[in-house]
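Peer 1: sequence first, then the predicted structure:
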Amino acid sequence: MAPDAAALKRARSVAGQFGPTGLLDDILWGLCRGYQVAVDVSGPAFTCSCPSFKVPCKHAVGLLLHWADSGPGTWPAPEWVTKWQTMRAARAKPKEASTPDPVAAAKRARERAERVAGGMTELRRWLDDQVGQGLAGLGRRGHQAFEPMAARLVDAQAPGVASAVRRLGGIAGIGPHWADRLLGELAVLHLVVAGHERLGTLDPATAASVRSRIGFPTPTEEVLAGPRFTDRWQVLGQHDTDDGALTTRRTWLHGSSTSRFALVLSFAAPGQTLTADLVPGTEFRGDLCFYPGAAPLRALVASRDSAAEPFGSPDGAGPVRAALSRWSALLAAEPFRFDGPMLLADVMPTADGFLVDPAGDALPLAAGHREPWWLLAAAGGRPAAVAAEWSPGGLRPLAAWVEGEFVPAGSPVPDPGAPRMAELPAEMLAAALVGTARRPWSGRSVRVGTASVEGDWGRPGEASVALLDAAVVALTARRAGFAPEGKAPVVAAPGETSPPLPAAAGVRLGRILRGGAPGGAHLEQELLAQWLSAAVARGGVVPPVLLPALLDAARRNTTVRPGVARVAGRRGGWLAAQRADWRWLLDEAAPVTLVDWSTASGAERLGHLITLRRTDPARARELVAGTWNTESSENRARFLGTFADGLSPDDEELLERALDDRRKEVRQTAVELLRRLPGAALGQRMRQRASVAVRLVLSDPPRLAVQPPEECDAALRRDGVGASPVHGIGAGAWLLEEVVAGTPLGAWTELEPSGYVALARGNDWAGPLLHGWAKAAIAQGEARWAATLLAAGAGVLREAVRWDLHLVLPPDALARLAAEALRAEDGSAHRLLALHPGPWPEPLSVTVLETIAHRARTDRHTWQLGELCRTAAVAMPPDYADLTGRLAAQLEPEVDASRVRPVADLARTLTFREEMLRELRAPETVTPQR
């Protein structure tokens, strides 16, 4: 119902802000921040007291979303609702039909026919002039060459051909083969003019087609009074086009027993909503009435005799050649057509932008659709039924059915490199570009492919008419005689070995990926990460149709890639191998077990090592050591990174060997692991250096005697000390800091950590000492040292190091610090809250909720309240949703709506997370996907 994507996003933001709601007959109503909102669901029709010009506004769509999530409220309907219902009922009463005046109607029809005839005569002359003078000039003039003629046709009440002439301005001089496309469109217009000239001698069906092209309307009453076609109508798909002045929705239906296609059009002005009563993927039994024509396709739904229900797969789908034969018959009856429907059975994508059937016959996909990732993901390269629109530009997919499931086609993407072949003979184009006044067209035969069409084109002395006659014959013959190419489909995806995740969880993932999660874009990535974490813990693979959007999300956000790799399954890897910007998935390792280490890929080896390090670390070490010299430096670094699991003294020999590697990343990985390994030789070497550089003198009072290393020798560099100091730090201080950072904290045992920190604060070398201990605490995960340094030495530490120390603290200690900062109104509270991995413990959650309530009632600036609510939305336990919702309800009558909104958004996000986690914990009987 939403007019556009932005309106839908705003509607979701207000869906949780409704107070009283109710349902009076078919009238759904609610109050949202003081605005009175009502929706007549039988219409639909909308009313809202807000000043928005969009219909429906965000409050009306938000009310529908609220209804879908929570159901109607039980409040009694206020007076304004009953008044609107009465007004709706009054307007619905049929007015007494006035008796039409047949004489006046005939006069109006005659006058319009005369105006149209005059306009069509001018159009014929104009067409002759353009071809006679040459199309090259039109290419240079652009839109300006067509506007006067289009305006004249509008005045002549011929809107159909007026629009066709105006569209020519978007062809002339633009893109490859523009002259071929322009001449083809001019030739079709010439055919319409010729049809109008013979209107009285044409059969009624063909005459109706010509009149429709010109723009003569057919009243709805007249269409509905015609023959009715009863069938079980399957809604195949739809797509919308927007030309700025009007949005058009084209919905294709197919009769199950009559095998007849039908096109239902709906229109909406800017800001208005389109009719949404025909839902793709559903079917209903009813009657359709078709507009008159030689090949009638456009229809109106006259009646529905059953409710719309999903159907498993479309009836009447066939091979490519049968679809092309039907297209040829359509063009034979109505050569003005540019496109038509196709329903293809068991087609598969190719690697170069075609759909191919089991016989090997292939049709090209249209520009913007040549990489059908939506179909590749859903079907995995296996046969599927596809509904599409066919035109000279190729197939525009509408939908597919994969194993009985409806899959809507993906949106088109910019495709500037799409090939387009000329449709008309080269000699014809040459004459048209130069102009028949300079190069008369005198051909008596037109070659179309391997066929030759003979004809007596035009009238004597009318070279331009002869050219246009020949062009429209050549164009129609080529389009009707299109032959499929022989192609081979892509190799199908391997079968899935993991079970699918619960269906409800897949629906929620789709909502996150489409931007439908509460909280806006700034929370979507965190919600996606939490969904992936819960999905990985459960085990299973995502619905295949979501893979393109999921891989795109991980392409932009590298932090979620490991989780995506675990739930993408084998089909995800199959897709990633076919697209360059998804290849990162092939480098992400999921735990696997290999049979042959020597022939496996780097990603497979990495996954195998992850599995082995948890169960048999010695075997994993043997595999890495066995191929160490032949592996790439990138693989060596990645393989060493897996040693963090099950790290033991047995790994030290290989890690020491890695300290001499040529690649910096390999050396850094080895240093980080050795610094975490108790009793490692690296730690002992650094300990010896530290004992020389820093000595505890037990004087009265005790002090630290400091003598920094004099130079960074080769041994120090080998042990991970960088030769280049941080900006603003002297060489000696830097070497002292690095030596202390590499020394095991177990070396400083003569005093408590607080004693060492106290002595360092009074020393001239306080900065390097405190930073060295802080970096050692971060690397070695020593929470006691981290807490001591934060309590006593935080003022000296660089900001980045200080905040990294917080990550070493246990979650309960970090939560305690954050709660104390909140109560003290310390500016660091928000950052401390953001550092906590969540879920927050109860004392912190209670403190945050109390702070939210206080700020909502007292703070002058709502941005602080909003920031606190956004942080809580992803870290507060989801079971606080009810408390938060009740707080929002309490605040609504007390404070301004701008203060209630972030609290309501917090409640909605917590509810969303609670439902998300429940879906992924729910037991479900599953079977592996094909």
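Peer 2: Great, that's in hand.

Peer 1: which strand or helix spans F406?
Peer 2: Taking DSSP states H and E as the definition, one finds F406 inside strand 405-408.

Peer 1: report the distance from that strand to the chain centre.
Peer 2: In this view, strand 405-408 has its centroid 16 Å away from the chain centroid, taken as CA atoms, centre = their mean, to the nearest Å.

Peer 1: with stretch 871-881 instead?
Peer 2: The answer for stretch 871-881 is 26 Å, by CA atoms, centre = their mean.

Peer 1: ok, and what's touching that stretch?
Peer 2: 518-519, 523, 526-527, 530, 830, 833-834, 836-840, 842, 845, 848-849, 852, 884, 905-907, 909-911, 913-914, 917 (CB atoms under 8 Å, 6 or more residues apart in numbering). The C-beta positions use only the backbone N, C-alpha and C, and glycine is treated the same way.

Peer 1: could I get the full set of strands for the stretch 701-850 of the chain?
Peer 2: 703-706 (DSSP state E, counting those that start in this stretch).

Peer 1: nearest spatial neighbour of A156, chain-adjacent residues omitted?
Peer 2: With sequence-adjacent residues excluded and distances taken as CB to CB, 6 or more residues apart in numbering, A156 is closest to G119, at 2.6 Å.

Peer 1: please read the previous query as pertaining to D826.
Peer 2: Using CB to CB, 6+ apart, the nearest residue to D826 is E820, at 7.8 Å.

Peer 1: can you check P440 too?
Peer 2: Spatial nearest neighbour of P440, chain neighbours left out: A463 (4.0 Å); criterion: CB to CB, 6+ apart.

Peer 1: relative to R438, how far out is the one you found?
Peer 2: Here the criterion is CB to CB, to the nearest Å. By it, A463 lies 10 Å from R438.

Peer 1: so which elements touch the strand holding F406?
Peer 2: helix 373-379, strand 394-402 (3 or more CB pairs under 8 Å, 6 or more residues apart in numbering; DSSP states H and E).

Peer 1: other residues contacting that strand?
Peer 2: 237, 280-281, 310-311, 374-375, 378, 384, 398-401, 545.

Peer 1: can you redo the residues you listed as CSV with distance to L612?
Peer 2: Shown next, in CSV, are these (distance: CB to CB, whole Å):
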residue, distance to L612
G237, 49
P280, 48
G281, 46
P310, 46
F311, 49
W374, 37
L375, 38
A378, 35
A384, 39
L398, 48
A399, 45
A400, 41
W401, 43
V545, 34
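
Peer 1: tell me the one among those nearest to V796.
Peer 2: V545 (55.0 Å; CB to CB).

Peer 1: identify the residues contacting the closest one.
Peer 2: Applying CB under 8 Å, 6+ apart, the residues contacting V545 are W374, A377, A378, V407.

Peer 1: thought G410 was touching the first one, still the case?
Peer 2: When you say that, I think you mean W374. Yes - counting by CB atoms under 8 Å, W374 does reach G410; the two are 3.5 Å apart.

Peer 1: ok, those two, which is more surrounded?
Peer 2: W374 (22 against 19; other CB atoms under 10 Å).

Peer 1: tell me the pLDDT of the more buried one.
Peer 2: At W374, the pLDDT value in this model is 96.

Peer 1: do the same with G160
Peer 2: G160 is assigned a predicted lDDT (pLDDT) of 93.

Peer 1: now it: closest residue in space, sequence neighbours ignored.
Peer 2: G215 (3.3 Å).

Peer 1: off-centre distance for the helix or strand hosting R108?
Peer 2: Assessed by DSSP H and E, R108 sits inside helix 102-133. Relative to its parent chain, helix 102-133 has a centroid offset of 48 Å by CA atoms, centre = their mean.

Peer 1: which SS state does F267 fall under?
Peer 2: strand (DSSP: H, G, I helix; E, B strand; the rest coil).

Peer 1: and it, what is it in contact with?
Peer 2: Going by CB under 8 Å, 6+ apart, the list of residues near F267 reads L246, T247, T248, R249, L274.

Peer 1: repeat that for L585.
Peer 2: L551, A554, R561, V564, A565, A568, G572, G573, A576.

Peer 1: hang on, the first one packs against V567?
Peer 2: It stands for L551. No - contact between L551 and V567 fails when scored by CB under 8 Å: they sit 11.2 Å apart.

Peer 1: residues of stretch 31-49 that come out buried?
Peer 2: Neighbour-count burial for stretch 31-49, counted by 16 or more other CB atoms under 10 Å, picks out 31-33, 35-40, 44-48.

Peer 1: how about stretch 53-67?
Peer 2: Applying 16+ other CB under 10 Å to stretch 53-67 flags 54-67 as buried.

Peer 1: circling back: look at the residue nearest to D826 and say how many residues are nearby.
Peer 2: When neighbours are counted by other CB under 10 Å, E820 registers 13.

Peer 1: gap between it and P204?
Peer 2: E820 is 87 Å from P204, by CB to CB.

Peer 1: low-scoring stretches of the stretch 451-600 of the chain, by residue?
Peer 2: Applying pLDDT under 70 to the stretch 451-600 of the chain flags the ranges 458-461, 589-595.

Peer 1: show me the strands in it, by range?
Peer 2: Applying DSSP E, counting those that start in this stretch to the stretch 451-600 of the chain gives strands spanning 451-454, 485-486.

Peer 1: enumerate every residue touching D101.
Peer 2: D101 neighbours (CB under 8 Å, 6+ apart): none.

Peer 1: re the thing from before, out of the helices and strands packed on strand 405-408, nearest to A705?
Peer 2: Nearest of the helices and strands packed on strand 405-408 (CB to CB): helix 373-379, 66.8 Å.

Peer 1: and the helix or strand that the closest one is followed by, what does it pack onto?
Peer 2: Sequence order places strand 384-391 as the next helix or strand after helix 373-379, per DSSP H and E. Applying 3+ CB pairs under 8 Å, 6+ apart, one finds that strand 384-391 contacts strand 229-242, strand 247-255, strand 340-349, helix 373-379, strand 394-402.

Peer 1: for strand 384-391, which positions count as buried?
Peer 2: Result for strand 384-391 [16+ other CB under 10 Å]: buried residues A384, A385, V386, A387, A388, E389, W390.

Peer 1: avg pLDDT for it?
Peer 2: 96.

Peer 1: gap between that strand and the chain center?
Peer 2: For strand 384-391, the distance to the chain centre is 22 Å (CA atoms, centre = their mean).

Peer 1: what angle do that strand and strand 340-349 make?
Peer 2: Going by axes from the mean of the first three to the mean of the last three CA atoms, to 10 degrees, strand 384-391 is angled at 130 degrees with respect to strand 340-349.

Peer 1: please list the outside residues in contact with strand 384-391.
Peer 2: 236-237, 239, 250, 252, 254, 313-314, 317, 323, 327, 338-348, 355, 363, 366, 375, 378, 395-402, 407.

Peer 1: just the buried residues of the residues you listed.
Peer 2: Here, 16+ other CB under 10 Å leaves 236-237, 239, 250, 252, 254, 313-314, 317, 323, 327, 339-348, 355, 363, 366, 375, 378, 395-402, 407 buried among the contacts of strand 384-391.

Peer 1: for the stretch 51-200 of the chain, give me the ranges with low pLDDT.
Peer 2: 92-100.

Peer 1: helices of that one, start to end?
Peer 2: 58-70, 79-92, 102-133, 135-141, 147-155, 159-167, 178-197 (DSSP state H, counting those that start in this stretch).
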